[in-house]
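Undergrad: Need coordinates for the following:
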Amino acid sequence: MRIPVAATTTAVALALCLTIGPEATASTAPTAAPSDALRSAAHEGLRFELPAPTGRHPVGSTELHLIDHDRRDPWVEGRDRELMVSIWYPARSVRGCPRLPYMSPGVARWVDESGSFGLARPGEVEWGAIRTEACPGAPADTRSRRPIVLYSPGLQSLRSLGTSTAMELASRGYVVVTMDHTYEAPAVEFPGGRTELQEPMSGVEDLKRMVDTRVRDTRFVLDQLAVLHSGGNPDAEGRPLPEGLVRILDLQRVGMYGHSGGGATAAEAMRVDRRIDAGINLDGTLQYSSTEFLPVAREGLDRPFLLMGKESQTHRNKPSWQSFWNHSTGWKRDLSLQRASHFSYTDAQSFVPALDVHLDIPAEIREQYIGTVAPTRSTAAQRAYITAFFDQHLRGRPQHLLDGPSPSYPEVAFIP
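TA: Sure thing, here's the model as predicted:
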C-alpha cells in the first residue's frame, strides 16, 4: 500500500495515477475505532485482529510458487517471470489447526522496517505475529466444485492487504487466488526466505508496462490453475497440495476483482481473456494519464462487471469510468461507498482504526486512508455486495441486493 506521506517516492507518485489521486483526502472527522481489535503486551509490538469471516465454511489456505519459463521478467534482466500466489478455499475441518500468519516473515519485516505504511515507527507493530482465521494446508471441503475468483492488489501493493475479503469469499464457498506482482510489489517472499523488493519505476511507459505485466501474470495464473485441475502440481518446489484441493476447482466459473490498479487489471484481463466471466473494480481509475485511457475503458466489456468506489470515483465524475460505462454492453452496476476513501477497499479499513487506538494516528492520515465511514459498516457492505455479485454471476443465484438501494446498507449509493 502506498499513500502520499512525507517520504513519497517517484515510484509511489507513479502508482497514484491508477490509485489514489489528489482528491482522495476526506474532509470530515474520523469515526471511533474499536478498542477490542488490538492487543499489546510488554516489550512487544502492537497486534490486531482482522474481522472474522461470516460464511458457514472454515477456511484453508496454501501458497504456490509459480515460474513462467516462457516469459522473461520485464523488470529484472535475465530472469524468468516468477510469482507467489495464495489460495483460500472452503476447508473440511480446521480443528486443532494453527492460524496462518497474515504476512510471511520477510514481508512482515519489510513492512515494519519501512514504517508500517507510514503509520508507525519500526518496532511498534508486530506484523509477523498477526494471525488470520485460515488454517494452512487444511483438507478441502470436496462436497462440490467451487467457483474460482482471482484477486489483484493495487499498484505497488501487497496481496496480503486483500486477505479479509479473500477469507470472506472462501467462507462463502469460493476458491480465491490472491496474487503478488513481483518487483512491482514492495516485497515478495519466496520459499526459502528469499525476498524480492520493488524495482524503480517511473513515467507513463512504465505504468503501461505494469498493467501489461499484471494482465500477463493473471493469464499465467489461470493457466497454472488448469495444470492443477488436471492433476499436476505447478508449484516450483513441488510442495504437497492440500488434500482435495484439485477436486473442487471449477474452471468453468471464474471471476476476478481487484483494488485500485488491481481493479484496472481485472477489467483489462477480462478484455483479453474470455475465461474470466465476471469482474469487479474497487476504486481503480482506468487511465494511464489525464488524456490516455486503458483499452478496456475505450472498448468496454460484454460480460458482467461491477464498479465500486468512493464518492469521488463514479462513472458520473470520472471520465475513464464514464467511457467504460458507455461502451460496456454487459450487466453493470456502479456503487459508491459514502464517506469512504481509497484504502477503505483493503484491510486498512480494519487495521488503521485498530492501530489508531494506541498510536494516535493523525486524523488527516486516517481520513486519507479510510475516510470517515464506520469501519464495521464499510466491511459489512463490501462483503455483502461483492459476494452478491459473484453469487449472481458465477452461481446463477439472483440477488435482490443488486437491484437497488438497500436499507440494510445505507452507506452504499447506486449511481444511475
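Undergrad: three-state assignment of residue 343?
TA: When the structure is reduced to helix, strand and coil (DSSP: H, G, I helix; E, B strand; the rest coil), residue 343 reads as helix.
Undergrad: give me the number of residues near it?
TA: 28 (other CB atoms under 10 Å). Where you see a C-beta, it was placed from the backbone N, CA and C, and this is true even at glycine.
Undergrad: Do I have it right that it meets residue 366?
TA: No - Residue 343 sits out of contact with residue 366 when judged by CB atoms under 8 Å, with a separation of 10.3 Å.
Undergrad: Please identify every residue contacting each of those two.
TA: The contact sets of residue 343 and residue 366 overlap at residue 352 (CB atoms under 8 Å, 6 or more residues apart in numbering).
Undergrad: gap between residue 350 and residue 280?
TA: 19 Å (CB to CB, to the nearest Å).
Undergrad: whoops, residue 386 was the one
TA: In this structure, residue 386 and residue 280 are separated by 6 Å, where distance is defined by CB to CB.
Undergrad: joint contacts of the two?
TA: 257, 306, 308.
Undergrad: So what's the residue count around residue 311?
TA: When neighbours are counted by other CB under 10 Å, residue 311 registers 17.
Undergrad: same check, this time on residue 128
TA: Here the neighbour count serves as a burial measure; for residue 128 (other CB under 10 Å) it reads 18.
Undergrad: just the one 10 residues further on next, same as before
TA: One way to gauge burial is a neighbour count; for residue 138, by other CB under 10 Å, it gives 25.
Undergrad: Residue 325 now?
TA: Number of residues near residue 325 (other CB under 10 Å) recorded here: 19.
Undergrad: That one sits in which helix or strand?
TA: With elements taken from DSSP states H and E, the one containing residue 325 is helix 319-327.
Undergrad: From the chain's centroid, how far away is that helix?
TA: Going by CA atoms, centre = their mean, to the nearest Å, the spacing between the C-alpha centre of helix 319-327 and its chain's C-alpha centre is 23 Å.
Undergrad: go on, stretch 47-66?
TA: 13 Å.
Undergrad: when you give positions from now on, start the count at 379
TA: Sure, I'll start counting at 379 from here, so that last one is stretch 425-444.
Undergrad: got the buried residues for it?
TA: Using 16 or more other CB atoms under 10 Å as the burial criterion, the residues of stretch 425-444 that qualify are 425-429, 431, 433, 435-444.
Undergrad: so where do the strands sit in the stretch 429-578 of the chain?
TA: Ranges of strands within the stretch 429-578 of the chain are 437-450, 458-468, 513-514, 524-530, 553-557, 565-567, 573-575, based on DSSP state E, counting those that start in this stretch.
Undergrad: Which strands border the first one, and is each parallel or antiparallel?
TA: Strand 437-450 has the following strand partners under DSSP bridges: strand 458-468 (antiparallel), strand 513-514 (parallel).
Undergrad: now the angle from it to strand 553-557?
TA: Using axes from the mean of the first three to the mean of the last three CA atoms, to 10 degrees, the direction of strand 437-450 lies 50 degrees away from that of strand 553-557.
Undergrad: Now do the host helix or strand of residue 602: distance to the chain's middle.
TA: Secondary-structure assignment from DSSP H and E places residue 602 in helix 581-607. Offset of helix 581-607 from its chain centre (CA atoms, centre = their mean): 15 Å.
Undergrad: other SSEs contacting that helix?
TA: Applying 3 or more CB pairs under 8 Å, 6 or more residues apart in numbering; DSSP states H and E, we find helix 581-607 packed against helix 388-393, strand 437-450, strand 458-468, strand 524-530, strand 553-557, helix 623-626, strand 627-637, helix 639-650.
Undergrad: Sort out which residues of that helix are buried, please.
TA: The neighbour-count check on helix 581-607 (16+ other CB under 10 Å) flags 584-585, 588-589, 591-596, 598-600, 602-603, 606-607 as buried.
Undergrad: Apart from its neighbours in sequence, what residue is nearest residue 622?
TA: Spatial nearest neighbour of residue 622, excluding adjacent residues (CB to CB, 6 or more residues apart in numbering): residue 518 at 3.7 Å.
Undergrad: what does residue 591 give?
TA: Counting by CB to CB, 6+ apart, residue 591 lies nearest to residue 452, which is 5.3 Å off, once chain neighbours are set aside.
Undergrad: Return the residues in contact with the one you found.
TA: For residue 452, the contacting residues are 459, 587, 590-591, taking CB under 8 Å, 6+ apart as the criterion.
Undergrad: do you know how far it is from residue 574?
TA: Here the criterion is CB to CB. By it, residue 452 lies 14 Å from residue 574.
Undergrad: and residue 671, what is it in contact with?
TA: With contacts defined as CB under 8 Å, 6+ apart, the neighbours of residue 671 are 664-665, 697-698, 701.
Undergrad: most neighbours, which of these?
TA: Each of the contacts of residue 671 was scored by neighbours using other CB under 10 Å; the highest score is residue 664's, at 25 neighbours.
Undergrad: Quick check: it vs residue 484, distance?
TA: Relative to residue 484, residue 664 is positioned 33 Å away (criterion: CB to CB).
Undergrad: now swap in residue 718 and tell me
TA: 31 Å.
Undergrad: Tell me which of the two has more neighbours.
TA: Regarding residue 718 and residue 484, a neighbour count based on other CB under 10 Å identifies residue 718 as having more, with 28 against 18.
Undergrad: Output the contacts of residue 452 as TSV; include the columns pLDDT and distance to residue 779.
TA: As requested, the contacts of residue 452 are exported to TSV (pLDDT from 0 to 100; distance: CB to CB, whole Å):
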residue	pLDDT	distance to residue 779
459	98	39
587	98	38
590	98	35
591	98	35
